[in-house]
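Asks: Make a model of this:
(2 chains)
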Number of protein chains: 2
Amino acid sequence: MLTAHKIKILQSLDKKKFRQKYNLFLVEGNKTIKEIPLSRYKIQEIFTINPSELGIDGVKIIEISDSELKKISFLQHPKDSVAVCELLEPKFLADVPIQLVLDGIQDPGNLGTIIRLADWFGIEQIICSEDTVDFYNPKVIQASMGSFLRVNITYQNIENYLQNSTAAIIGTDMDGENFYQFDFPEKFNLILGNEGNGIRPNIEELLTHKITIPRFGKSKSTESLNVSMAAGIILGQIFSEK
Amino acid sequence: MLTAHKIKILQSLDKKKFRQKYNLFLVEGNKTIKEIPLSRYKIQEIFTINPSELGIDGVKIIEISDSELKKISFLQHPKDSVAVCELLEPKFLADVPIQLVLDGIQDPGNLGTIIRLADWFGIEQIICSEDTVDFYNPKVIQASMGSFLRVNITYQNIENYLQNSTAAIIGTDMDGENFYQFDFPEKFNLILGNEGNGIRPNIEELLTHKITIPRFGKSKSTESLNVSMAAGIILGQIFSEK
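Replies: Numbering: from 1, shown residues only, chains lettered A, B, ... in the order given. I've put the predicted structure just below:
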């Protein structure tokens, strides 16, 4: 059973302020929840409509009704279970060969997709500017399809970080070098900018290389590619040489 | 002014049945609306909160209030204008070098993203299976960011189409050839399958080549890439040789 007080706390976890206050966030769906014990994350408790399907030991599991699940789920179509997890103590991996650096990504779907891409390509860490959307946001967690469990995500002043980085700093730019011809070094930072405004001027100044994905369509009206799609296409090309 | 009857008709256009009944669909936002006269599409009328910003001649333009706009817009945050446009007479382009073929894509966001990718890479036509989501769906139109104006989209029995195609038929498969090593022919069909179920067995039988995007991450729990992301990465690689 779920008390009214507990429901109120869980519902508040769609806001960063309350996630930080309670040091908690939610993960939904058995498929991802079953992968949590393989990661650094700790589950506090699981609410589920079907305990027999979970198969997780050593965790407090509470059976709830469909209508209770609807109350605590952030999904339009709630799945089977909701796990209440503790936020991770942030850590920083120095010396990651391909380092994704996000400069003010705002859309939760884009961040989730970028985390999923990083996981696919075996990229260990994403460094986010402090104003990038919080990855514990339920929409990011959902869009990442469990990949947040396998990629280290850290928030920091990226200008400071980049000023101290000895690796190349590569960003996309309308007038950059054709990325098909670009020779990616062994180690680099790949900067992905905000959806509307791109890379901020103070970060752009730190770029050591600018690259462009050429447009093959003839119309100049064509919108530039979405940031997560651009990231996927660039990573696809980088790994063609691996 | 908008009559209650007109509002009812426009609101019904989120359903395929009513789009076909009235032969109409909606395009929102001045940026895309301004590109319509450059395409084959015909505007019937435009409802706008600010006629002076449109700058389109020879079209009936009706000024409406913010609250009226909210009633007819399908967006969570309505933009400036809504154009009521006529459905196009379907046409088919024979002999397109790179032919995208969609087998039951259901998510409007995915179809919109694939249309945008086609536009970026200058791919002229997308052939959709009859059960692929309707591209006049307001969410597809929105996600395509105006690219639907520049890519010919046609619905047909793709099994019949492929049986008669003389070009290679390439699909993604878990056990396919590494796409980085694959030598894409001059002309081919690239099949993109349904989000959950992939390519249908009757279509899979017609494939002449199977390709795979290799996963570089080590975890087997990693979800396969979303279909539109996979399309972007494959197209990115194909065009590296152009």
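
Asks: switch to C-alpha atoms for all contacts and neighbour counts from now on
Replies: Noted.

Asks: CA atoms only for stretch A:4-23, dumped as CSV, please.
Replies: Output in CSV follows, covering the C-alpha atoms of stretch A:4-23 (Å, rounded to 0.1, in the frame of the first residue of the first chain):
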residue,chain,number,x,y,z
ALA,A,4,-0.9,9.7,0.7
HIS,A,5,2.3,11.1,2.1
LYS,A,6,4.5,8.8,0.1
ILE,A,7,2.5,9.4,-3.1
LYS,A,8,3.1,13.2,-2.6
ILE,A,9,6.8,12.7,-2.2
LEU,A,10,7.1,10.4,-5.3
GLN,A,11,5.0,12.8,-7.4
SER,A,12,7.3,15.7,-6.4
LEU,A,13,10.3,13.8,-7.9
ASP,A,14,9.6,15.3,-11.4
LYS,A,15,11.2,18.4,-10.0
LYS,A,16,15.0,18.7,-9.6
LYS,A,17,14.5,20.6,-6.3
PHE,A,18,12.7,17.7,-4.7
ARG,A,19,14.9,15.0,-6.2
GLN,A,20,17.8,16.8,-4.5
LYS,A,21,15.9,17.4,-1.2
TYR,A,22,15.0,13.7,-0.9
ASN,A,23,18.1,12.4,-2.7
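
Asks: what mean pLDDT does it have?
Replies: Averaged across stretch A:4-23, pLDDT comes to 97.

Asks: With stretch A:46-62 instead?
Replies: 92.

Asks: list the buried ones in that stretch?
Replies: Neighbour-count burial for stretch A:46-62 flags A:46-51, A:54, A:56, A:61 (criterion: 16 or more other Cα atoms under 10 Å in any protein chain shown).

Asks: Spatially, which two of those are the most separated?
Replies: Within those, two members stand farthest from each other by Cα to Cα: A:49 and A:56, at 14.4 Å.

Asks: Tell me where chain A has helices.
Replies: A:4-12, A:16-22, A:30-33, A:66-72, A:108-120, A:138-143, A:158-163, A:201-204, A:227-238 (DSSP state H).

Asks: Whether the fifth one contacts chain B - can you check?
Replies: Yes - using Cα under 8 Å from any Cα of the partner chain, a contact is recorded between helix A:108-120 and chain B, made by A:116-117, A:119-120.

Asks: Just give the nearest non-adjacent residue to the residue of chain A positioned farthest from its centre, would you?
Replies: Within chain A, the residue lying farthest from the chain centre (Cα atoms, centre = their mean) is residue A:218, at 33.4 Å. Distance criterion Cα to Cα, 6 or more residues apart in numbering or on different chains; nearest residue to residue A:218, sequence neighbours excluded, is residue B:122 at 6.6 Å.

Asks: Residue A:81 too?
Replies: According to Cα to Cα, 6+ apart, the nearest residue to residue A:81 is residue A:48 (4.1 Å).

Asks: residue contacts, that neighbour?
Replies: A:61-65, A:69, A:80-82 (Cα atoms under 8 Å, 6 or more residues apart in numbering or on different chains).

Asks: same thing but 6 Å
Replies: By Cα atoms under 6 Å, 6 or more residues apart in numbering or on different chains, the contact set of residue A:48 is A:63-64, A:80-81.

Asks: from memory residue A:176 sits against residue A:210, does it?
Replies: Yes - judged on Cα atoms under 6 Å, residue A:176 makes contact with residue A:210 at a distance of 4.5 Å.

Asks: Just want to know which of these two has more residues nearby.
Replies: The residue with more neighbours, out of residue A:176 and residue A:210, is residue A:210; 19 against 15, by other Cα atoms under 10 Å in any protein chain shown.
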